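Visitor: Have a look; sequence and predicted model below, questions after that.
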Amino acid sequence: MLAWLQAPGSLDQITGVGGQMVDYLKLLAILAGVLILAYLTIRKGVPALTGLRPAEGGPIQVMARFPLEPRKTLYIIRAGTDYYLIGTSETDMFYLTALDGPSLESQLRAAPPPAAAVDFRTLLDRFRKPGGRP
């Protein structure tokens, strides 16, 4: 008889654990939904609202960039067939001079290509391999 009286209490504990598991799964589903909504908002909504578009090739291109100081940089800009040297600082942009197109094109072709950026995954894989060097 004592075992029969204890059975309903243990049954409540079992359903309580199951209820907690269901609540936990609901929480995970809601979290996944919020993350998906945030991702879609950032990828699709913000650019549509602000008018930001990915940079495309076009008549204006940055051909070279040379940092002088942390917030001062020189740029070679191609606009159509003309080349310009532009200097920028934190608050201003300065037109410095027009550049000779044909000689600049030959120098740009002769210059070594810029080093490819290494993503974090590749760098981490190098450290995991025995004898790997960063």
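Guide: Yes, it's here.
Visitor: what's the weakest-modelled helix or strand in the chain?
Guide: helix 46-50 (a mean of 72; mean pLDDT, DSSP states H and E).
Visitor: from the chain's centre, how far out does that one sit?
Guide: The chain centroid and the centroid of helix 46-50 are separated by 17 Å under Cα atoms, centre = their mean, to the nearest Å.
Visitor: Export only the CA atoms of that helix, formatted as CSV.
Guide: Written as CSV, here are the backbone C-alpha positions of helix 46-50 (Å, rounded to 0.1, in the frame of the first residue of the first chain):
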residue,chain,number,x,y,z
VAL,A,46,19.2,47.0,-43.8
PRO,A,47,20.7,47.3,-47.3
ALA,A,48,17.2,47.8,-48.7
LEU,A,49,16.3,50.5,-46.2
THR,A,50,19.6,52.4,-46.4
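Visitor: got the contact list for residue 38?
Guide: With contact set as Cβ atoms under 8 Å, 6 or more residues apart in numbering, residue 38 has no partners. (C-beta placed from N, C-alpha, C; glycine too.)
Visitor: for residue 81, same thing?
Guide: Applying Cβ under 8 Å, 6+ apart, the residues near residue 81 are residue 101.
Visitor: going forward can the numbers begin at 707, since that is how I track them
Guide: All set: I'll call the first residue 707, so the last point we hit is now residue 787.
Visitor: how close does it sit to residue 807?
Guide: Per Cβ to Cβ, to the nearest Å, residue 787 is found 6 Å from residue 807.
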